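**Student:** The following comprises the amino acid sequence and a computationally predicted model.
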Amino acid sequence: MATSTLSGADQGVSRHAVRAARGPHGIVPTGILILGALYCLFPVSWVVLASTKTSGELFSTATFSLGTGFLQNLADLAAYRDGVFWLWMLNTLLYAGGGALLSTAVSAVSGYALAKYRFAGRDLIFNLLIGGILVPSVVLAIPQYLLFSKVGLAGTYWSVLLPQILHPYSIYLARVYAGAAIPDSLLEAGRIDGASHWTLLRRVALPLMTPGLVTIFLFQFVAIWNNFLLPFIMLGDDHRFPLTVGLYTMLAAGANNPALYNLILIGTFVALIPLIALFLTMQRFWRADLSSGAVKA
Amino acid sequence: MHVNRLAAIAAATLAAAVVAGCSGGAGQSAAPSSAAPSSSAAAQKVSLTYWNWVPNMDKVVAAWNKSHPNIQVTSSTQAGGDDAATKFLTAAKAGNPPDLMQAEYQALPSFVAAEAVADIKPAADAVKPEFGEGIWGLVTLGTDAVYGIPQDSGPMMLYYREDLFKKYGIAVPTTWDEYAEAARTVHRKEPKVFLGTFSSKDPGSFAGLAQQAGGQWWSINGESWKVAVDDEPTRKLADYWGGLVKEGVIDDMPYFTPQWNKALNDGTLLTWPSAIWAPGPLTSNAPKAKGKWAIAQLPQWNAGENHSGFWGGSAVAVAAASKHKEAAAEFATWLNTDPEALGLLVKHGQVYPAATKGAALLTEPPAYFSNVPGFWRQAATFTAGARGFTFGPNVNVAYNAFRDAFDKAVLSKTSFSDALRTVQDATVADMTKAGFRLAQ
Amino acid sequence: MKSANGGARVNRAGAAPYLFLAPALTMFALFLLVPIGYTVYLSLRRTKVSGLGFGKGSRKEIFVGLDNYATAVGDGELWAGWLRVLGYGALVLAVMLGLALVFALMLDAARVRLARFSRVAIFMPFAVPGVAAGLMWGFLYLPSVSPVHELFGVDLLSPSTVVYSMANVAVWGGTGFNMLVLYTNLRAISPDLYQAARIDGASELQIAIRIKIPILAPAIILTTVFSIIATIQVFTEPTVLRPLTNTISSTWSPLMKVYRDAFVTGDLYSAAATAMVIAGISLVLSFAFLRVVKNRAFGEA
């Protein structure tokens, strides 16, 4: 694998030539992917359609039909409790953006060290970090809350941000990407030139790992965006809630209060938009082949 | 947390060493339900946090904050339900609960048992006459202490589709026997239509019906608890619904699902034995059927009686760990007894106030029931005979066992009283394990 | 992935890797190890009530040794939960990872159109929050509103079908994630590995089966391990569907029991003990799986 990566770097261009030659043989893979896309979009499309319905239409018209209340729902959402939805959205952006950024940084340096260095305790550290995934977060949330309370941080932005930075899966991914994307010869050359470990990481390793890091960022961003339990238990002040917890307060208002179905659905729809936008901006990084990146670097 | 710290800083800057007096609580009693700022707290500015899930509570709190510059309350909207209680208990355990908490009546005993809420007897006693005997019992739990100020209550009555009752030619049932007979009639005439449904997901509703039947699930006997979830009245109730479900003349879909909402809208479900707060959910879940529902007394077990039970309702409790218990108790009494506050709660919060004078504020019928001009007057008559029961310290366990056991019973069409037995056993086992003293 | 080892040979420098790992290890200690330690501590304790349970001092936390573990291990419902999860998990793992692999290979195929659209679409479910998912599946599954029920007359929430409905939620939600993991791994493979084969006239299918899948094996294995652990901890899917149907109990899966104890009935101590048992079983299962396939996982056995 190591040697092939190196030679591949030299010939990266020819791959594009082959890719460019698109022919009729693409029908089968394209067809399969379209089927997969439809399967995945089918339920999502319901959210979109339902967000256009008035509360009367939601429970009385056909499940997959267009409603007439989209703008009204949007206006109601914006007006709900003086626009608290937008605050939740900003909070979520802060948690997800900040958390994913920090998480990607931590995973990147860890993955790089684990993949490109030999040192005592490497396997132990890797297994330990990965082992974190074994303990379900459902049960960790309450102890984490109690411990954050002891240091006076419960209820703060930090209490939601900090526990989500370390993510075993991301470290594993970073290790794999670092192993595959960084040719040893480049590091070797850098070392001969007298570059420090830090310089090698910054100038050689991180640029090469970019497509992988984008994936990690995306995963973490969406995971934190949708995390419910941790912010639910950590936060008391509803002005710091992320969307998931905020929308939940609209649903679970006790049996004696109406659930605000319309607002939840339009809120979900609005919350999908930044995620789609993020995905679309991020995915151009995948076009660069991990291996051909070596040449440009 | 944040607010508490701000309060601490403010207190330090003012260099007013008063906190000790506040947490002691014995000497100064808070002014009862007065709109004037309390004299005891006047010297010091206090900030309180209040967790609740009453719609538009911000507006009610704003009115208080305006007239009480020295006691500023911040309302924080939480998600209601079982996990809200867990969240509060966890916060209390960690030492940073909000100063005030919305406590559903069935959750209050577990708050008390966890020493998470304070006894606010001095402040509360002054407003005791404002509440009915039954409701007051729910916040004293039969002890000498008072653990909260009642906010709203949910006496039950029968909601029915007036138009469709006419269409199917059935009279409003006055007894449960008539209700069963009507269920058969409707189902025979139109197999897709049901008179009602049994929801295995809503133990609160079942508990209300058990109260109507005369059940006493928990009671305190000297220094020990008595648990009788499967007492005779409740067994009768369980077998009644079990029979109807088995016979197939009653639907078995749970409440508050899209399917149930649709049935309420399209007229395939004709009644809902529910609480006085039902106009709220009906407005949002069944907007199409607006103006078609009417109310009646809950069917009785014996003709001529007038009994009902309670489903839902909550009190406002003060956290044991609050640094400003008196100020908090003052706010809680104002919120639930002051005419201005009650008016706002009714108008913005869709709350059915627990305070007796709250009834006078309810003049206009809910918009959804514009076809029933005397809605509130009728409701008052229908629910006059509502009786509650003491809730125990582990209602959450009992309710959870109820959902599991009745899910199974509904699915396999097995005996409901056996399912009830399972609930009783689970409740007793949990209390025994925890070490509560139980009477035999 | 020999590059991992090769790289290790290149860099032999003392403190650097430890410094690079310091942030992760610090976070690990603070936000995982300490809470886990605290969970273990809790799992050895219980509250003890006296009398009515009201009033000062009527409730104490006591040390009970392994009592909670004994209860957790001796709970028949928990083992029944394991059995249910086993059947469900096998189904989900096979379908989800199979689809993820197929989609990833298709995305990487030489001639494919609309790849970017499909990529976003298949990843989309990952972005739907749980609050809306409950409503969404309600509308898709409940007989009176479900279009599937209308078309085929199948009750998707009956005792015999609910497992498949639940598996569908999991497959729908998890395929995109695993697809992207495998896809980004594929992108790291040098193209000239199969360039020669392509010139020799090998079909895309042959290239996928003979070249890409073997190279992808380590990634597939680890994705499987992570999915096994996630499936053992299945919680979201049954919890989302539970309010809609009578067929899913509050202890359907082991982790649901943990949630019930911690968040519904307020017994954090039992929840902690059961969670430790789940972690232990996850550990054993994933180790067993890795043992079987270890040589291929990192090529460093």
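**Tutor:** Cool, the structure landed. Numbers count the residues shown, from 1 in each chain, chains lettered A, B, ... in the order given.

**Student:** Not counting residues beside it along the chain, what's closest to the residue nearest to the spatial centre of chain C?
**Tutor:** Chain C has residue C:230 as the residue nearest its centroid, 1.7 Å off, counting by CA atoms, centre = their mean. Of all residues not flanking residue C:230 in the chain, residue C:174 sits nearest, at 7.6 Å (CB to CB, 6 or more residues apart in numbering or on different chains). (C-beta placed from N, C-alpha, C; glycine too.)

**Student:** Give me the distance between the one you found and residue A:123.
**Tutor:** Counting by CB to CB, to the nearest Å, the separation of residue C:174 from residue A:123 is 28 Å.

**Student:** Which one's more surrounded, the two?
**Tutor:** When residue C:174 and residue A:123 are compared for neighbours, residue C:174 comes out ahead with 23 against 11, by other CB atoms under 10 Å in any protein chain shown.

**Student:** So which bits of the helix or strand where that one lies are buried?
**Tutor:** Take DSSP states H and E as the rule and residue C:174 turns out to sit in helix C:162-187. With burial defined by 16 or more other CB atoms under 10 Å in any protein chain shown, the residues of helix C:162-187 counted as buried are C:162-163, C:165-187.

**Student:** For that helix, name the packing helices and strands.
**Tutor:** Helix C:162-187 sits against helix A:27-50, helix A:168-181, helix A:206-226, helix C:76-108, helix C:115-123, helix C:130-141, helix C:213-232, helix C:236-241, with contacts defined as 3 or more CB pairs under 8 Å, 6 or more residues apart in numbering or on different chains; DSSP states H and E.

**Student:** neighbours of the residue nearest to residue B:266 when sequence neighbours are not counted, just the number please.
**Tutor:** Nearest residue to residue B:266, sequence neighbours excluded (CB to CB, 6+ apart): residue A:60, at 6.4 Å. As a burial measure, residue A:60 scores 18 neighbours (other CB under 10 Å).

**Student:** so which of the helices and strands packed on helix C:162-187 comes closest to residue B:61?
**Tutor:** Evaluated over the helices and strands packed on helix C:162-187, closeness to residue B:61 peaks at helix C:130-141, with 25.7 Å, by CB to CB.

**Student:** so does the following helix or strand past the closest one get close to chain A?
**Tutor:** Downstream of helix C:130-141, the first helix or strand assigned by DSSP H and E is helix C:147-152. Yes: taking CB under 8 Å from any CB of the partner chain as the criterion, helix C:147-152 and chain A are in contact, through residue C:147.

**Student:** Show me what helix C:147-152 is in contact with.
**Tutor:** For helix C:147-152, the external contacting residues (CB atoms under 8 Å, 6 or more residues apart in numbering or on different chains) are A:62, A:63, A:64, C:140, C:141, C:142, C:143, C:154, C:155, C:156.

**Student:** and after the helix holding residue C:174, which helix or strand comes next?
**Tutor:** Stepping forward along the backbone from helix C:162-187, the first helix or strand reached (DSSP H and E) is helix C:192-199.

**Student:** what's that next one packed up against?
**Tutor:** Judged by 3+ CB pairs under 8 Å, 6+ apart, the packing partners of helix C:192-199 are helix A:2-20, helix C:204-207.

**Student:** thought residue B:170 was touching residue B:185?
**Tutor:** Yes: when contacts are counted by CB atoms under 8 Å, residue B:170 is listed as touching residue B:185 (5.7 Å).

**Student:** Can you classify the residue of the stretch 201-301 of chain C found nearest chain B as helix, strand or coil?
**Tutor:** Shortest the stretch 201-301 of chain C-to-chain B distance, computed as CB to the nearest CB: residue-wise this is residue C:246, at 4.1 Å. Using DSSP: H, G, I helix; E, B strand; the rest coil, the three-state assignment for residue C:246 comes out as coil.

**Student:** who are the neighbours in contact with it?
**Tutor:** Counting by CB under 8 Å, 6+ apart, the residues that residue C:246 touches are B:200, B:252, B:254, B:407, B:408, B:410, B:411.

**Student:** OK, contacts around the third one?
**Tutor:** When contacts are counted by CB under 8 Å, 6+ apart, residue B:254 is found next to B:197, B:199, B:200, B:201, B:202, B:260, C:243, C:244, C:245, C:246.

**Student:** same deal with residue C:78?
**Tutor:** When contacts are counted by CB under 8 Å, 6+ apart, residue C:78 touches C:72, C:251, C:254, C:257, C:274, C:277.

**Student:** Go again with 6 Å.
**Tutor:** Going by CB atoms under 6 Å, 6 or more residues apart in numbering or on different chains, residue C:78 touches residue C:254.

**Student:** can you list contacts of stretch B:433-440?
**Tutor:** Under CB under 6 Å, 6+ apart, the answer for stretch B:433-440 is B:221, B:224, B:225, B:226, C:48, C:49, C:50, C:51, C:53.

**Student:** again, 7 Å this time
**Tutor:** Applying CB atoms under 7 Å, 6 or more residues apart in numbering or on different chains, the contact partners of stretch B:433-440 are B:221, B:223-227, B:393, B:428, B:431-432, C:47-53.

**Student:** Would you list the buried entries among the residues you listed?
**Tutor:** Of the members of the contacts of stretch B:433-440, the ones counted as buried by neighbours, 16+ other CB under 10 Å, are B:225, B:226, B:227, B:393, B:428, B:431, C:47, C:49, C:52, C:53.

**Student:** of all those residues, which two lie farthest apart?
**Tutor:** Going by CB to CB, the pair spanning the buried ones among the contacts of stretch B:433-440 furthest: B:226 and C:47, at 21.5 Å.
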